[in-house]
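**Q** build me a structure from this.
(chains A and B)
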Number of protein chains: 2
Amino acid sequence: MTACAIGIDLGGTFIKAGVVNESGKIVTRTSVPTGVSDGAEAVVQRMAEAADQVRRDANVAWNGVGAVGIGSPGVLDLKGGTVLISPNLVCLQGTNLRGAVERSLGVEGLPVVLENDANAAAYGEKWAGAGSDVNTLIMFTLGTGIGGGIILDGRIWHGTHGFAGELGHMSIVADGAPCGCGNRGCVEAYASASAMVRRLREAIEAGAESSLGKRLDSGEPVEGKHVYEAAVAGDAAAQGIIEETGRFLGVAATNVIHIFNPELVLFAGGMTGAGDMLLNPIREEAEARTFEAAFQRARVAFAELGNDAGLIGAAGWALRTSETSAS
Amino acid sequence: MTACAIGIDLGGTFIKAGVVNESGKIVTRTSVPTGVSDGAEAVVQRMAEAADQVRRDANVAWNGVGAVGIGSPGVLDLKGGTVLISPNLVCLQGTNLRGAVERSLGVEGLPVVLENDANAAAYGEKWAGAGSDVNTLIMFTLGTGIGGGIILDGRIWHGTHGFAGELGHMSIVADGAPCGCGNRGCVEAYASASAMVRRLREAIEAGAESSLGKRLDSGEPVEGKHVYEAAVAGDAAAQGIIEETGRFLGVAATNVIHIFNPELVLFAGGMTGAGDMLLNPIREEAEARTFEAAFQRARVAFAELGNDAGLIGAAGWALRTSETSAS
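**A** Numbering: from 1, shown residues only, chains lettered A, B, ... in the order given. Next up, the predicted model:
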């Protein structure tokens, strides 16, 4: 029997929840503040309430809900259901999040599945987004950091302990820029939103003209979207940074194509708003570097589900996992 | 029923064949010149004869042989059984090698399986070598080039079209040394035997003293083993190259640990004869760069089966594949 599922996308600022139907479409949704400072118990209760809310809004009884999936940032013990390390959700560190949500929901026999948010987003794209026609895809999520998700033969590759998919911490410049993680030359150290801002600042200090110069000088926050908005508006320095970012991401795409021979390499996250200005150099660089046979069979594209990918994927993966274990 | 299998390791110079028992041990073996210049038909016939030879030597009837596995270099169409591109076996390009060997053997119902040689070697280590206690391992094979094999949950990861595992063509220095493949900064461009010799030559040209200087000047061939033999004998320049090679391989190890979260990262090939002089810098560099939780759970080691890994793995994978499809 197909059933709907509930996805919960747990973020440092908002908890988003939605009922997702068997086609991967969100039927009802809500968003409530996470309220991290209120502590783990309050956050768990809000998650359960949000789930119940969207279920009622969708007019579905609990026995019509196949599973509940939680997408969470941080390092997770997926089998145990526990949050190990999560800088934006410190109050949850050490909490058995899956067990706590299960108890708070109080629905007997309802499978609750915890998943890493980047993996969930990649699965969402595979299920109902840019990858719905493929079985194997590798996804980079571009944000303040760079996350990754690996879908092999239709399933999330978690690695032996659930730590796989740290694609942002693949080093592509062995002796390159230091990364926040302690490694050097990570993709994240060159192509994350903060790395773009850093490189723009360096370019301006080296004499480049940019419409963002004043903003940077004033100490106002500059984010990735400011860089690509300036680029779209014709700022040559910002355009150069976007192009260069695309080239670094093209190297990363080449590496995952050589390693995995996937059908699809996806880039997701706010920075994809830069459009072809970012996608073209990614593709050009990857084409120039990758074995032809593998490149020709691998699509390089942007994700399609935007901020909904994590919620949809958490629901879909929970459904898939619970169906598999029931069969 | 467990059964033995026959492995055939097809190389540009020699065809090696062996009967491998259900524990992954070679029971009987032979090695015959490939004779590439005699053409595809002759090579195929020699492969079949070598297989029959080791079977007779082991006193096993054909109905006691579970499967025949062929490990071949080059780009292969694994599903179709055809050799697409193989620079050292040009005569076989376009040949349906699996079909040809099957016909030449003429044993009805006997499964014949074609596999990439680096994948076969990785599977051999998983079955009966350094990885017999793990399910997920990533192996780099260091030689003139650098090959790779990926074992996930006990199975070879082939990718969508059989091209996966090109770990030697992961770029770790985005704007680095050109690689034979057309990409830049590949692991192979820094850590293959030929890259080591190239870097030693550069060091000598830059003024370093080395016992290999004369040999390099004279135009005599210098191979990876000369570099590590000189290093073992106390040559400081050669030691520096080995150390640096280890550091590049450590970066590569970090990348695959971050990507796959494997239990084991293996290095195989002649260069592992350098021992701890190579292994220590690999481990140190990987430890310094990798997330602690993932590094602590990933062993970084040398392979154990040496030149037998490909033969053993080809036999084992053929057995596993044919058992799976029969069940």
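**Q** start and end of stretch A:281-296, how far apart?
**A** In stretch A:281-296, first residue to last residue: 16 Å (Cα to Cα, to the nearest Å).
**Q** contacting residues around that stretch?
**A** Under the contact criterion Cβ atoms under 8 Å, 6 or more residues apart in numbering or on different chains, stretch A:281-296 has outside partners A:242-247, A:249-251, A:253-254, A:257-258, A:261, A:265, A:267, A:298, A:300, B:75, B:84, B:159, B:161, B:163, B:166, B:169, B:171, B:181-184. Using the backbone N, CA and C atoms, a C-beta is placed for each residue, glycine as well.
**Q** which of those residues are buried?
**A** A:242-247, A:249-251, A:253-254, A:257-258, A:261, A:265, A:267, A:298, A:300, B:75, B:84, B:159, B:161, B:163, B:166, B:169, B:171, B:181, B:183-184 (16 or more other Cβ atoms under 10 Å in any protein chain shown).
**Q** once you drop chain neighbours, what's closest to residue A:164?
**A** residue B:261 (3.9 Å; Cβ to Cβ, 6 or more residues apart in numbering or on different chains).
**Q** so for that neighbour, what's the pLDDT?
**A** Predicted confidence (pLDDT) for residue B:261: 97.
**Q** chain neighbours aside, what residue packs nearest to the spatially most central residue of chain A?
**A** Most central in chain A under Cα atoms, centre = their mean is residue A:118, positioned 3.5 Å from the mean C-alpha point. Spatial nearest neighbour of residue A:118, chain neighbours left out: residue A:147 (3.4 Å); criterion: Cβ to Cβ, 6+ apart.
**Q** before we move on, the earlier item: any idea how far residue A:123 is from the residue nearest to residue A:164?
**A** 17 Å (Cβ to Cβ, to the nearest Å).
**Q** for the stretch 1-150 of chain A, what spans make up the helices?
**A** Assigned by DSSP state H, counting those that start in this stretch, the stretch 1-150 of chain A shows helices spanning A:40-57, A:97-105, A:117-128.
**Q** kindly reformat those as JSON lines containing distance to residue B:53 and mean pLDDT.
**A** Shown next, in JSON lines, are these (distance: least, Cβ to Cβ, whole Å; pLDDT from 0 to 100):
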{"stretch": "helix A:40-57", "distance to residue B:53": "66", "mean pLDDT": "98"}
{"stretch": "helix A:97-105", "distance to residue B:53": "58", "mean pLDDT": "97"}
{"stretch": "helix A:117-128", "distance to residue B:53": "48", "mean pLDDT": "98"}
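**Q** pick the most deeply packed of those.
**A** helix A:117-128 (a mean of 29; mean count of other Cβ atoms under 10 Å in any protein chain shown).
**Q** could you redo the helices of the stretch 1-150 of chain A as a markdown table and give each row distance to residue B:313?
**A** Formatted as a markdown table, the helices of the stretch 1-150 of chain A follow (distance: least, Cβ to Cβ, whole Å):
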| stretch | distance to residue B:313 |
| --- | --- |
| helix A:40-57 | 47 |
| helix A:97-105 | 39 |
| helix A:117-128 | 30 |
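**Q** buried set for stretch A:225-238?
**A** A:226-231, A:235, A:237-238.
**Q** and stretch A:60-78, by the same measure?
**A** Residues A:60, A:65-76, A:78 are the ones in stretch A:60-78 that count as buried (16+ other Cβ under 10 Å).
**Q** could you give the mean pLDDT of that stretch?
**A** Stretch A:60-78 shows a mean pLDDT of 95.
**Q** what do you get for stretch A:131-150?
**A** 96.
**Q** so for that stretch, first residue to last residue, what's the gap.
**A** End to end - Cα to Cα - stretch A:131-150 spans 12 Å.
**Q** ok, the residue nearest to the centre of chain A touching residue A:146?
**A** No: taking contacts as Cβ atoms under 8 Å, residue A:118 lies outside contact range of residue A:146: 9.1 Å.
**Q** could you check the pLDDT of residue A:273?
**A** 91.
**Q** what sits against it?
**A** Here residue A:273 is in contact with A:225, A:228 (criterion: Cβ under 8 Å, 6+ apart).
**Q** and it, which of the three is it?
**A** helix (DSSP: H, G, I helix; E, B strand; the rest coil).
**Q** quick check, the longest helix out of those in chain A touching chain B?
**A** Identified as the longest helix of chain A according to DSSP state H is helix A:236-260. Yes: judged by Cβ under 8 Å from any Cβ of the partner chain, helix A:236-260 comes into contact with chain B at A:247-248, A:251, A:254-256, A:258-260.
**Q** residue B:26: which of the residues you listed is nearest?
**A** residue A:259 (30.4 Å; Cβ to Cβ).
**Q** that closest one: neighbour count?
**A** By other Cβ atoms under 10 Å in any protein chain shown, the residues close to residue A:259 number 26.
**Q** hang on, isn't it packed against residue B:164?
**A** Yes: using Cβ under 8 Å, residue A:259 is in contact with residue B:164, at 6.6 Å.
**Q** shared neighbours of the two, anything?
**A** residue B:150.
**Q** phi and psi next, for the residue of the stretch 201-327 of chain A at minimum distance from chain B.
**A** Nearest to chain B, among the residues of the stretch 201-327 of chain A, is residue A:261, at 2.4 Å (Cβ to the nearest Cβ). With angles defined as degrees, to the nearest 10, residue A:261 sits at phi 50, psi 60.
**Q** wait, doesn't the residue nearest to residue A:118 sit right on residue A:164?
**A** No: applying Cβ under 8 Å, one finds residue A:147 not in contact with residue A:164, separated by 11.7 Å.
**Q** any weak-confidence spans in chain A?
**A** A:1-2, A:324-327 (pLDDT under 70).
**Q** can you pull out the strands in it?
**A** For chain A, the strands defined by DSSP state E occupy A:4-10, A:14-20, A:26-33, A:65-72, A:75-77, A:82-85, A:112-116, A:137-142, A:146-152, A:155-156, A:264-268, A:299-302.
**Q** from residue A:44, how far off is the residue of the stretch 101-250 of chain A found nearest chain B?
**A** Proximity to chain B, evaluated over the stretch 101-250 of chain A using Cβ to the nearest Cβ, is greatest for residue A:159 at 2.4 Å. For residue A:159, the distance to residue A:44 equals 27 Å [Cβ to Cβ].
**Q** OK, contacts around the residue of the stretch 201-327 of chain A closest to chain B?
**A** Shown in contact with residue A:261 (Cβ under 8 Å, 6+ apart): A:136, A:294, A:297-298, B:158-165.
**Q** show me those that map onto helices.
**A** Going by DSSP H, the helices hold residue A:294 from the contacts of residue A:261.
**Q** any chance of a markdown table for the contacts of residue A:261, columns distance to residue B:99?
**A** Output for the contacts of residue A:261, formatted as a markdown table (distance: Cβ to Cβ, whole Å):
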| residue | distance to residue B:99 |
| --- | --- |
| A:136 | 27 |
| A:294 | 25 |
| A:297 | 23 |
| A:298 | 28 |
| B:158 | 19 |
| B:159 | 22 |
| B:160 | 22 |
| B:161 | 19 |
| B:162 | 16 |
| B:163 | 21 |
| B:164 | 23 |
| B:165 | 24 |
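**Q** brilliant, that's me finished.
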